[in-house]
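Chemist: Below are the sequence and a predicted model for it; my questions follow.
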Amino acid sequence: MSEPEQQVPSLPSSSSLIITLTVVAMLSGLLIVLVYEYTKPIIAENQRIATERAIFKVLPDAVSRLTFRVEGDKLIASDDKADGELLYAGYDKDNTLVGIALHAAAQGYQDIVKLLYGYDPVSGCITGFDVLKSTETPGFGTQISSNEDFLANFACLDAKVNEEQSALIHAIKTVRHGSKQNPWEIDAISGSTITSNAVGRMLNQSGQHLHPIIARNLTMLRQAGANSTE
């Protein structure tokens with residue numbers, strides 16, 4: 001007695017496969033868009049909180065602050081949601097300007113390192129920074145925010161503007177560990193030169209661009225603090 005012949009299921013047609021894959025792709029894309037739109041304001045709010053905390057960390061004498069947008073050679077009073085390049089002027093309880101907080105970024109060992117740093121336009125010193133974003137290698141790469149010798153570079157890192165208010169008098173640069181001789185040099189962390197160099201590059205790029213603009217708008221920045229309480 002012979003066994004019944006097994007029926008082989010027919011394969012789906014090419015058009016059916018294409019339609020199925022198209023539907024899956026569309027649903028996946030829609031899901032990604034929905035997740036992005038849902039998380040976008042949450043991410044923005046978290047970034048705003050992180051920036052707010054960093055401003056008062058790098059400007060410890062400030063009790064209030066104002067936001068300005070860089071527009072050519074001018075600084076325009078703005079809000080934190082404005083597009084473009086922003087900086088933050090900090091004021092003490094008497095509405096006296098105590099410093100400026102500025103963004104800076106450069107390529108590190110693994111990814112872009114982003115900082116917010118404090119700058120005193122009167123003394124011309126960079127007085128500290130806070131890391132906003134870094135995916136550097138745990139250990140050496142993250143020492144820029146914890147290594148006491150490295151952080152000592154920023155007690156007063158020289159970032160003075162020249163008389164023409166067109167650039168820094170001295171370019172900020174990172175030097176080999178133990179070889180620092182000038183106040184505009186950053187003594188690198190031994191074993192973490194790439195991240196150390198990134199800090200030097202980003203501060204020099206930001207300083208060359210923004211410090212002269214701050215110098216040319218310093219009177220307005222000082223007056224803005226007094227006007228904010230009127």
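Modeler: Structure's in. What do you need? Note that this is a predicted model, so its numbers are computed, not measured.

Chemist: what pLDDT, on average, does stretch 108-122 get?
Modeler: In this model, stretch 108-122 has an average pLDDT of 92.

Chemist: tell me which residues in it are buried?
Modeler: Buried residues in stretch 108-122, counting neighbours by 16 or more other Cβ atoms under 10 Å, are found at Gly108, Tyr109, Val113, Lys114, Leu115, Leu116, Tyr117, Gly118, Tyr119, Asp120, Pro121. Using the backbone N, CA and C atoms, a C-beta is placed for each residue, glycine as well.

Chemist: just stretch 39-59 next, same as before
Modeler: Neighbour-count burial for stretch 39-59 [16+ other Cβ under 10 Å]: Thr51, Ala54, Ile55, Phe56, Val58, Leu59.

Chemist: Next, format those as TSV and append secondary structure and pLDDT.
Modeler: Formatted as TSV, the buried residues of stretch 39-59 follow (DSSP: H, G, I helix; E, B strand; the rest coil; pLDDT from 0 to 100):
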residue	secondary structure	pLDDT
Thr51	helix	90
Ala54	helix	94
Ile55	helix	96
Phe56	helix	96
Val58	helix	96
Leu59	coil	97
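
Chemist: What is the nearest of those residues to Leu34?
Modeler: The nearest member of these to Leu34, counting by Cβ to Cβ, is Thr51 at 26.8 Å.

Chemist: With adjacent residues omitted, what lies nearest to the residue nearest in space to the middle of the chain?
Modeler: Central residue of the chain (Cα atoms, centre = their mean): Lys114, 3.5 Å from the mean position. The shortest distance from Lys114 to any non-neighbouring residue, by Cβ to Cβ, 6 or more residues apart in numbering, is to Lys133 (4.0 Å).

Chemist: So what does the closest residue to Val175 other than its chain neighbours have for phi and psi?
Modeler: Nearest residue to Val175, sequence neighbours excluded (Cβ to Cβ, 6+ apart): Glu185, at 4.8 Å. When quoted as degrees, to the nearest 10, the phi and psi of Glu185 stand at phi -100, psi 150.

Chemist: residues touching Glu185, list them.
Modeler: Ile172, Lys173, Thr174, Val175 (Cβ atoms under 8 Å, 6 or more residues apart in numbering).

Chemist: Of those residues, keep whichever come out buried.
Modeler: Using 16+ other Cβ under 10 Å as the burial test, those include Ile172, Thr174, Val175 as buried.
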